[in-house]
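model the following, please.
(4 chains)
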Number of protein chains: 2
Amino acid sequence: MKLSVRGEYALRALLVLARDFQEDDSVVRIQEISRRQNIPKRFLEQILNDLKSAHLVESKRGVAGGYRLRRRPERIHLAEIVRHIEGPLAPVSCVSEKYYEKCSCPDEARCAIRSVMKETRDAIVTIMERVTLADLAERARKLEQSPAVALDFVI
Amino acid sequence: MKLSVRGEYALRALLVLARDFQEDDSVVRIQEISRRQNIPKRFLEQILNDLKSAHLVESKRGVAGGYRLRRRPERIHLAEIVRHIEGPLAPVSCVSEKYYEKCSCPDEARCAIRSVMKETRDAIVTIMERVTLADLAERARKLEQSPAVALDFVI
DNA sequence: CAAATCTCTACTAAGTCAATAGTTATTTTG
DNA sequence: CAAAATAACTATTGACTTAGTAGAGATTTG
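This is a model prediction of the structure:
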């Protein structure tokens, strides 16, 4: 049920871009993202390239180059990011909306496990589609202000 | 975010054992489970053996041998099964209760992603800890009675 | 004892993960 | 216009995981 490191890095990188987002076309260098989030630079390169192909970010080459969000952070929700990097949000593909696959069970329509997995899927998707990069940036801002032990109260 | 095939097979096998569960010490043969759930027999063998080491099932050898649940189906919830086969239910280990691991982010206590992942974890765990094998068996029974298109109404 | 069944260990082919490396292309600066 | 800085692209790799398959051994029942 776990996200890959790749997916986690993608979220953290995009969070940096969201926090630094401006309406002009300013970009953030990979090196900067790598440093602030403690992500191996060359690996991050690949991930950002991948996010570019998903039209989530755009890049600027050359000496003053870097990456920026292609849309405003309010318009990018976590579901879209995770789906592109990891594939289905659903625990089993037979309940996935975007990546449906038939499973090997004898009667999918009457599978009790499937019905529980669908509930689970819905719970996950509800959260991931509700939270945007802007929300994440806002949460980050608030967490940085509060002195400590913050997390336990947020949840 | 997906369950492995192994995990899915485990759930389906245990559902069979739950449906056939009796208070006496009657067992179900691997072959029978394999046939009813369309699971490769030799692979299922391994999985059931694994579930035995988790004290979820017990086995009887010999010609009238097979497997049975070690506890009543009401007392086995899905979380326990999935945790044993797959590991953490949480999308990232830094929010896992049972399999906690520190992540590479600069400040875990103030990580905005972590706070969303914790919500997600809680949503998943709430479902998986509430639903038992007995519930699953009951759902299966009801789904078999209803004529068709049943799944969409259950959810 | 024979047959059916579980047990245990080992093996494997394919795929995925998390990088690493090398080369090419582009842009800005001097 | 050339050099330097930076990103883009392509390929490779080593370790690990996944989903099985295989074979020999142990146990129980008829």
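
how close does the residue sitting furthest away from the middle of chain A get to A:Ile113?
Residue farthest from the centre of chain A, counting by CA atoms, centre = their mean, is A:Pro106 at 34.5 Å. With distances taken as CB to CB, to the nearest Å, A:Pro106 is found 12 Å from A:Ile113. Heads up, the C-betas are built off the backbone N, CA and C, glycines and all.

picking that back up, what is the burial count for the residue lying closest to the residue farthest from the centre of chain A once chain neighbours are set aside?
Nearest in space to A:Pro106, with sequence neighbours left out and distances taken as CB to CB, 6 or more residues apart in numbering or on different chains, is B:Asn38 at 5.7 Å. Neighbours of B:Asn38 under the rule other CB atoms under 10 Å in any protein chain shown: 12.

tell me the domain boundaries of chain A?
Domain assignment for chain A by automatic domain parsing gives A:1-76, A:78-131.

deepest of the ones you listed, which one?
The highest average neighbour count among the domains of chain A, using mean count of other CB atoms under 10 Å in any protein chain shown, belongs to domain A:78-131 at a mean of 19.

check the offset of that one from the chain's centre.
Offset of domain A:78-131 from its chain centre (CA atoms, centre = their mean, to the nearest Å): 17 Å.

tell me if it is near DNA strand D.
No. Domain A:78-131 lies out of reach of DNA strand D by CB under 7 Å from any atom of the strand, never closer than 7.7 Å.

still on that earlier bit, among the domains of chain A, which comes closest to B:Pro91?
Of all those, the one in closest proximity to B:Pro91, counting by CB to CB, is domain A:1-76 (4.7 Å).

counting by contacts, list what the longest helix seen in chain A packs against.
Criterion DSSP state H: the longest helix present in chain A is helix A:112-130. On a contact count with 3 or more CB pairs under 8 Å, 6 or more residues apart in numbering or on different chains; DSSP states H and E, helix A:112-130 meets helix A:78-86, helix B:5-19, helix B:112-130, helix B:133-145, helix B:150-154.

any idea which of the ones you listed gets closest to A:Glu45?
Across the helices and strands packed on helix A:112-130, closest to A:Glu45 is helix A:78-86 (CB to CB), at 14.8 Å.

show me the contacts for A:Ile47.
A:6, A:9-10, A:13, A:85 (CB atoms under 8 Å, 6 or more residues apart in numbering or on different chains).

need those residues in TSV with pLDDT, can you?
Shown next, in TSV, are those (pLDDT from 0 to 100):
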residue	pLDDT
A:Arg6	94
A:Tyr9	95
A:Ala10	96
A:Ala13	96
A:Ile85	95
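
sec struct for the closest residue to DNA strand D within chain A, please.
Nearest to DNA strand D in chain A, going by CB to the nearest atom of the strand, is A:Ser59, at a distance of 2.6 Å. Under DSSP: H, G, I helix; E, B strand; the rest coil, A:Ser59 falls in the strand class.

residue contacts, it?
A:27, A:48, A:52, A:65-68.

what pLDDT does it get?
What the model reports for A:Ser59 is a pLDDT of 90.

closest one to DNA strand C among the helices and strands packed on helix A:112-130?
helix A:78-86 (7.1 Å).

picking that back up, which one of the contacts of A:Ile47 sits closest to B:Val92?
A:Tyr9 (11.3 Å).

how much space between A:Gly65 and A:Pro73?
Distance, A:Gly65 to A:Pro73, using CB to CB: 21 Å.

ok, now A:His84?
Taken as CB to CB, the span from A:His84 to A:Pro73 is 16 Å.

and what of A:Ser26?
From A:Ser26 over to A:Pro73 (counting by CB to CB), the distance is 14 Å.

give the residues shared as contacts by A:Pro106 and A:Ile113.
Common neighbours of A:Pro106 and A:Ile113 (CB under 8 Å, 6+ apart) do not exist.

in chain A, what secondary structure element scores lowest on mean pLDDT?
Least confident element among the helices and strands of chain A, by mean pLDDT, DSSP states H and E: helix A:150-154 (a mean of 47).

got the contact list for stretch A:136-147?
A:15, A:18-19, A:21, A:73, A:78, A:150-151, A:154, B:109-113, B:115-116.
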